[in-house]
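Peer 1: Whatever this is, show me its structure:
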Amino acid sequence: MRILFVGDVVGAVGRKMVGEHVRRIKAEQAIDLVIANGENAAHGKGLTYKIYNQLLDYGVDVITMGNHTFSKDVILNFIDDAEYLVRPMNLEPLEYGQYYKVVEVNGKKVCVCNIMCEVFMHNVSESPFACMEMILEDVEADIYFVDLHGEATSEKAAFANVFKNQVQVIVGTHTHVQTADERLIEQTAFISDVGMCGAYDSIIGRDVSEVLTRFLTSEKTRFTVAEGDGMFCAAVIEIDDNNHAVSIERIQIRPN
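Peer 2: Okay, here's the model as predicted:
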């Protein structure tokens, strides 16, 4: 089984990159399942119903989220009915949506789940370690795929070492900066952060001048999503017939 995970999709430029690359990569690399993080897909924060469907139309099978899940109130109108949308298990408020989705791929049950880290994060109700224990106990699947949304690479690496050989894939999201630590931890594929799909000439997808104004003058700004040529960050994970991860490869496509 080959799984493509697409890093944080940021605004219109990020969505454009998904539209340009996902179906091509899916065909060229014989991808069986596509998962993407969509928490920043709508104007840099949150997700709308239209954009949820747009990402599915581009070839994404399951959409995960993060700390901006509830940044747009409109999500409350459709999150409970969005079959292929997964929100973080331990992000408050807890009563909306689903925190895992089991999909059947090549005769295998794949549990895609979404969990928040605690370090430097807000509105987190419970330890990610406790959450993963509950999922492993309560959800029957052949393969477990975790989008671990958080700031600290150390926390993500610790999580991967705790759940190595129990969880096949652990990919980090949130920082929008792709890390070069992709590796197998025994039979588990891991990377601290897959990176983002968004404007290349930006600061983590945001307009450079606005971010500099915020840092240099303390003036509050909107963090407008940057425009211009885009980049595409993702990872391809291969899992063998014994349900063991056997490879993980980063993808980073920059403008020419």
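Peer 1: ok, residues contacting whichever strand or helix holds Tyr52?
Peer 2: Under the criterion of DSSP states H and E, Tyr52 resides in helix 49-57. By C-beta atoms under 8 Å, 6 or more residues apart in numbering, the surrounding residues in contact with helix 49-57 are 9, 15, 18, 36, 38, 41-42, 63, 74, 77-78, 82, 84-85. C-beta: built from backbone N, CA, C; applies to glycine.
Peer 1: hmm, try it at 6 Å
Peer 2: 38, 41-42, 63, 78, 82 (C-beta atoms under 6 Å, 6 or more residues apart in numbering).
Peer 1: And stretch 228-240, by the same measure?
Peer 2: Contacts of stretch 228-240 (C-beta under 6 Å, 6+ apart): 1-7, 13, 16-17, 21, 29, 168-169, 178, 189, 191, 194-197, 199-201, 245-255.
Peer 1: Return the subset of those lying in helices.
Peer 2: 13, 16-17, 21 (DSSP state H).
Peer 1: how about these in CSV, adding distance to Met121, pLDDT and neighbour count?
Peer 2: As requested, the ones in helices among the contacts of stretch 228-240 are exported to CSV (distance: C-beta to C-beta, whole Å; pLDDT from 0 to 100; neighbours: other C-beta atoms under 10 Å):
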residue, distance to Met121, pLDDT, neighbour count
Val13, 25, 98, 22
Lys16, 29, 98, 18
Met17, 26, 98, 26
His21, 29, 98, 20
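Peer 1: Quick one: distance of stretch 34-51 to the chain centre.
Peer 2: On the basis of C-alpha atoms, centre = their mean, to the nearest Å, stretch 34-51 sits 10 Å off its chain's mean C-alpha point.
Peer 1: Could you tell me the average pLDDT over that stretch, please?
Peer 2: Stretch 34-51 shows an average pLDDT of 97 in the prediction.
Peer 1: any idea which helix or strand comes after the helix holding Tyr52?
Peer 2: As assigned by DSSP H and E, the chain's next helix or strand after helix 49-57 is strand 62-64.
Peer 1: what does whichever strand or helix holds Glu137 contact?
Peer 2: Under the criterion of DSSP H and E, Glu137 resides in helix 128-138. Helix 128-138 has contacts (C-beta under 6 Å, 6+ apart) with 89-90, 113, 115, 117, 159, 163.
Peer 1: buried set for that helix?
Peer 2: 128, 131-132, 135-136 (16 or more other C-beta atoms under 10 Å).
Peer 1: Likewise for stretch 193-210?
Peer 2: For stretch 193-210, by 16+ other C-beta under 10 Å, it's 193-200, 202-207, 210.
Peer 1: what does stretch 9-26 give?
Peer 2: In stretch 9-26, the ones that count as buried by 16+ other C-beta under 10 Å are 9-18, 21-22, 25-26.
Peer 1: farthest-separated two in the residues you listed?
Peer 2: Gly11 and Lys26 (22.5 Å; C-beta to C-beta).
Peer 1: in terms of contact, does Thr175 touch Val194 like I think?
Peer 2: No - counting by C-beta atoms under 6 Å, Thr175 does not reach Val194; the two are 9.6 Å apart.
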